[in-house]
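Undergrad: predicted model and sequence below, questions to follow.
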Amino acid sequence: MLPKYLKIHGYRSYLDAEIDFEKFGNLFCLIGENGAGKSSIIEMITTALYYRNSCTDNKGTGMDSVINNDCNHFEIQFCFEMNGTEYLIISRKFRDGARELEFYIDGNDQTEKILETQKKINNVIKLDYDVFLDTVCVGQGMSARFMNKKPNERKETLAQILDIKKYENYEKEAKEKRKEIKNAIDDLTSKINFASDKNDDINEIKNSIKEKQKENEELNEQLNDLNKELERITKEKIEYESLISKNQLIINQRRQLKNNIDSINERLKISNDKLKNINVEDIDYDNEIENCQKEIDEKKDEISHIKEQISKLKTENEFFEKDKREIRTKYDDLDKYNKSICDFCGNEITPTHKQNHLSELKEMFKKKNVKIASNNEEIENLNEQGRELSSSGKSISERKKDLQGKKQINENNKRTKEKLINDIKYLKENLTTYQQQYDENISIQIDEIEEKTFNDSQIKDEINDYRRRISNNEQTIAVANSQIEDIARNQVLLKSLNKQLNELKVQFSDYDSVSVAFSKKGIQKSIIKKDLPEIEKEINNILKLLSDNSIFIKFETDKKGNKKDIDTLDVMVHDGNNVRSYETYSGGEKFRIDFSCHIGLAKFLTKRAGATIDFFIVDEGLGSQDSSARQKFIDTLHKISTIFKQVMCITHIRELQDSFNTKVLIEKDPIKGSQISIL
């Protein structure tokens, strides 16, 4: 795995930033103040790869704590290359909400549901979160992760590194298959025992069949005699019941015809009574209604004419009122006019002339008032005429409505009368028909029939009993024949089952051998025995450099217990000619051992097919080292940069920073968040 870039939004102190690893070269260091966001880069990578970081459990619980306070979600785009293929992971988490995960291989979308997508990513990385931190990442304060584990946990980490976990799955599958075969063997054995018990005496069964067949021949002869007797009795019974049915039919028809005649007579009486009570008047209601309508139309015409006259008089009064206003204006203007010469005509205006003219205007005003009063009086007369006409028209409308109601009643009576007449006619016709049929029925003579009983039910019971006995015998014969066939089949089946049983026993033995081969004492132990010396060599090569060749480590994978061998991975630290406990070493010596284990394991991983790790991370941890040890550590970093394509170191120590040609500065801006720049 070799990173190409990280694009970040809303993760810890990062609002929006991009880290281009391809610009940093083979060996670089991250520098900056505490809290600037240096170690967050490691957590971004593990969050993208595993959805885990220092704040979460193995299910990602607690992931909301890394979302920036100014954002409602984070998004990480992590692009890396492995074995010539480009991979892109896009991971999102919304505060108090859902997680989203996308995965692309060479630009092709591989995204499915989150669990399936995460499995695809795990298959590419081939390391889980813990092994990643134990090998390719020396986390801050976490350099002793591998050494501080229990021996069996270290063995589990080693199993992942050596890619032998798959053999545990193979062993499990072989054991499950062996169990399936064992169940099949038990099942076959049970079937063989059952089939062996079914081989009864064939001769005894055949004799039983002959006895039942002979008994059925005798029963069939007796059954034929009973069927003939039943046929004779049935024929006689049908003739007897036919005569009874014929007489009963005549009696029923006679009763029904009499009921019909009585019913029609009753209905005729009711219809005739109704006909007598219906009164139909011979009055031309349509003509009277038409005359009323004419009178109503005439009244409406007169009212319309009156409305026109009133409108005309009101229009005249409006003109007279207008003239009055003009006369009043002229009068007021002339009365207020005090000049002796007219401004319009230039003639002299004398008091007498002015007074005469004012008198003329008054006279004209009075005439208009007289005319308006006359018109108003005429309007009132016309309104009175209109009211009288309207009242008269209303009376005529009521009379018309009354005539229409009477007309409707009279027409209903006519229709009812016609219907009653038709009903009476129809009833009389039916009465005549039913009476003729009744007279014909009465003339038919009904003969008395002697009562008889028949024993056909008893014969039927006997027939059913014979048939049941024959059927039971046939079933017994069928079962016996089936038993003979079963015995023949069982002999063939037993041969086949025994063959299958022998084949399954061979398979059981094979899978038993396979499960042992894939067990921890088989192939797994062989792989560890083969590869563990190489891992020790890689670790000790680094440890020699850091410790002046004063210490080296050795792994022990087996330990004798009270009853059995214990599966373990103990780390023995050799100091010259003595073997000392790891816990007895100083902090600086422990760090050199821990760091050597990280590099040795990571270097071994780079050689493992299918999981090429080209990236190594160191997050400081040199506080307990003296100047000489730090220089050796720096030399070691430069040497491992030839092993890995890219090595990233996070440090606060100036001496360590100065040893890097490429320095990447992380600064936390209060507005823009953490920002990245190359010095």
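TA: Received, thanks.

Undergrad: what's the next secondary structure element after the top helix by length along the chain?
TA: Using DSSP state H to define each element, the chain has its longest helix at helix 351-442. Remark: after helix 351-442, the chain's next helix or strand is helix 456-517, criterion DSSP states H and E.

Undergrad: what is that following helix packed up against?
TA: helix 165-197, helix 202-276 (3 or more Cβ pairs under 8 Å, 6 or more residues apart in numbering; DSSP states H and E). To be clear about C-beta, it is placed using only N, CA and C from the backbone, and glycine gets the same treatment.

Undergrad: how far does the helix or strand hosting residue 526 sit from the chain's center?
TA: For residue 526, the element it lies in under DSSP H and E is helix 523-547. The chain centroid and the centroid of helix 523-547 are separated by 55 Å under Cα atoms, centre = their mean, to the nearest Å.

Undergrad: partner strands of the following helix or strand past it, with direction?
TA: Using DSSP H and E, the helix or strand that follows helix 523-547 in sequence is strand 551-560. Paired neighbours of strand 551-560 in the sheet (DSSP bridges): strand 565-575 (antiparallel).

Undergrad: what's the mean pLDDT across the partner strand?
TA: Computed over strand 565-575, the mean pLDDT rounds to 70.

Undergrad: ok, stretch 321-334 next?
TA: Mean pLDDT, stretch 321-334: 89.

Undergrad: export that stretch as PDB, just CAs?
TA: C-alpha atoms of stretch 321-334 as PDB (Å, rounded to 0.1, in the frame of the first residue of the first chain):
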ATOM      1  CA  GLU A 321     -83.900  69.500 -12.000                       C
ATOM      2  CA  LYS A 322     -80.900  70.200 -14.100                       C
ATOM      3  CA  ASP A 323     -82.700  73.300 -15.600                       C
ATOM      4  CA  LYS A 324     -83.600  74.400 -12.100                       C
ATOM      5  CA  ARG A 325     -80.000  74.300 -11.000                       C
ATOM      6  CA  GLU A 326     -78.900  76.400 -14.000                       C
ATOM      7  CA  ILE A 327     -81.700  78.900 -13.300                       C
ATOM      8  CA  ARG A 328     -80.700  79.100  -9.700                       C
ATOM      9  CA  THR A 329     -77.100  79.700 -10.700                       C
ATOM     10  CA  LYS A 330     -78.100  82.500 -13.100                       C
ATOM     11  CA  TYR A 331     -80.300  84.000 -10.500                       C
ATOM     12  CA  ASP A 332     -77.600  84.000  -7.800                       C
ATOM     13  CA  ASP A 333     -75.000  85.400 -10.300                       C
ATOM     14  CA  LEU A 334     -77.300  88.200 -11.400                       C
END
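
Undergrad: in it, what counts as buried?
TA: Within stretch 321-334, the residues scored as buried using 16 or more other Cβ atoms under 10 Å are 323, 324, 327, 331.

Undergrad: looking at those residues, which are in helices?
TA: Using DSSP H, those in helices are 323, 324, 327, 331.

Undergrad: now those as a markdown table including distance to residue 385?
TA: Formatted as a markdown table, those follow (distance: Cβ to Cβ, whole Å):
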| residue | distance to residue 385 |
| --- | --- |
| 323 | 28 |
| 324 | 28 |
| 327 | 33 |
| 331 | 38 |
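
Undergrad: what is the nearest of those residues to residue 656?
TA: For those, the minimum distance to residue 656 (Cβ to Cβ) is 118.1 Å, reached by residue 324.

Undergrad: list the contacts for that closest one?
TA: By Cβ atoms under 8 Å, 6 or more residues apart in numbering, the contact set of residue 324 is 365, 368, 369.

Undergrad: apply 7 Å and report the result again.
TA: 365, 368 (Cβ atoms under 7 Å, 6 or more residues apart in numbering).

Undergrad: can you check the one 3 residues further on too?
TA: For residue 327, the set of contacting residues under the criterion of Cβ under 7 Å, 6+ apart consists of 361, 364, 365.

Undergrad: buried ones in the helix holding residue 526, by neighbour count?
TA: By neighbour count with 16+ other Cβ under 10 Å, helix 523-547 contains the buried residues 523-525, 528, 531-532, 535-536, 538-540, 542-543, 545-547.

Undergrad: which other residues reach it?
TA: 158, 162, 164, 167, 517, 551-555, 557, 592-593, 595-597, 599-601, 603-604, 632-633, 635-636.

Undergrad: find the helix or strand that residue 49 is a member of.
TA: Per DSSP H and E, the secondary structure element for residue 49 is helix 40-50.

Undergrad: give me the helices and strands touching that helix, please.
TA: In terms of contacts (3 or more Cβ pairs under 7 Å, 6 or more residues apart in numbering; DSSP states H and E), helix 40-50 is packed against strand 2-11, strand 73-82, strand 85-94, helix 129-134.

Undergrad: hmm, try it at 8 Å
TA: Using 3+ Cβ pairs under 8 Å, 6+ apart: helix 40-50 touches strand 2-11, strand 73-82, strand 85-94, helix 129-134, strand 646-650.

Undergrad: now the angle from that helix to strand 73-82?
TA: Interaxial angle, helix 40-50 versus strand 73-82 (axes from the mean of the first three to the mean of the last three Cα atoms, to 10 degrees): 80 degrees.

Undergrad: using CSV, list the CA coordinates for stretch 497-507.
TA: Once non-C-alpha atoms are left out, stretch 497-507 reads as follows in CSV (Å, rounded to 0.1, in the frame of the first residue of the first chain):
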residue,chain,number,x,y,z
LEU,A,497,-25.9,-48.9,1.0
ASN,A,498,-23.0,-51.1,2.0
LYS,A,499,-21.0,-49.8,-1.0
GLN,A,500,-21.9,-46.2,-0.1
LEU,A,501,-20.9,-46.9,3.5
ASN,A,502,-17.5,-48.1,2.5
GLU,A,503,-16.9,-45.1,0.3
LEU,A,504,-18.0,-42.7,3.1
LYS,A,505,-15.6,-44.4,5.5
VAL,A,506,-12.7,-43.7,3.1
GLN,A,507,-13.8,-40.1,2.7
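
Undergrad: which residues sit against that stretch?
TA: 181, 184, 185, 188, 189, 191, 192, 195.

Undergrad: residue contacts, the fifth one?
TA: Going by Cβ under 8 Å, 6+ apart, residue 189 touches residue 501.

Undergrad: how much space separates it from residue 502?
TA: 12 Å (Cβ to Cβ, to the nearest Å).

Undergrad: residue contacts, residue 369?
TA: Residues near residue 369 by Cβ under 8 Å, 6+ apart: residue 324.

Undergrad: distance of it from residue 358?
TA: 17 Å.

Undergrad: now do residue 184
TA: Counting by Cβ to Cβ, the gap from residue 184 to residue 358 is 143 Å.

Undergrad: what of residue 512?
TA: Using Cβ to Cβ, residue 512 is found at 149 Å from residue 358.

Undergrad: try residue 230
TA: Residue 230 is 144 Å from residue 358, by Cβ to Cβ.

Undergrad: neighbour count for these two, which is higher?
TA: Neighbours per residue (other Cβ atoms under 10 Å) separate residue 230 from residue 358, with residue 230 holding more: 17 against 14.

Undergrad: isn't that one up against residue 462?
TA: No. The criterion here is Cβ atoms under 8 Å, and residue 230 misses it with residue 462 at 9.1 Å.

Undergrad: who are the contact partners of the residue nearest to residue 641 when sequence neighbours are not counted?
TA: Using Cβ to Cβ, 6 or more residues apart in numbering and skipping the chain neighbours, the partner closest in space to residue 641 is residue 27 (4.2 Å). The contact partners of residue 27, by Cβ under 8 Å, 6+ apart, come to 637, 638, 641, 646, 647, 649, 660, 661, 662.

Undergrad: residue closest to the middle of the protein?
TA: In the chain, the C-alpha nearest the mean C-alpha coordinate belongs to residue 113, at 15.6 Å (Cα atoms, centre = their mean).

Undergrad: before we move on, back to that, buried subset of the contacts of residue 327?
TA: Buried by 16+ other Cβ under 10 Å: 361, 365, out of those.

Undergrad: would you turn the contacts of residue 327 into a markdown table with distance to residue 7 and pLDDT?
TA: Formatted as a markdown table, the contacts of residue 327 follow (distance: Cβ to Cβ, whole Å; pLDDT from 0 to 100):
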| residue | distance to residue 7 | pLDDT |
| --- | --- | --- |
| 361 | 103 | 87 |
| 364 | 103 | 90 |
| 365 | 101 | 89 |
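
Undergrad: many thanks, we can stop here.
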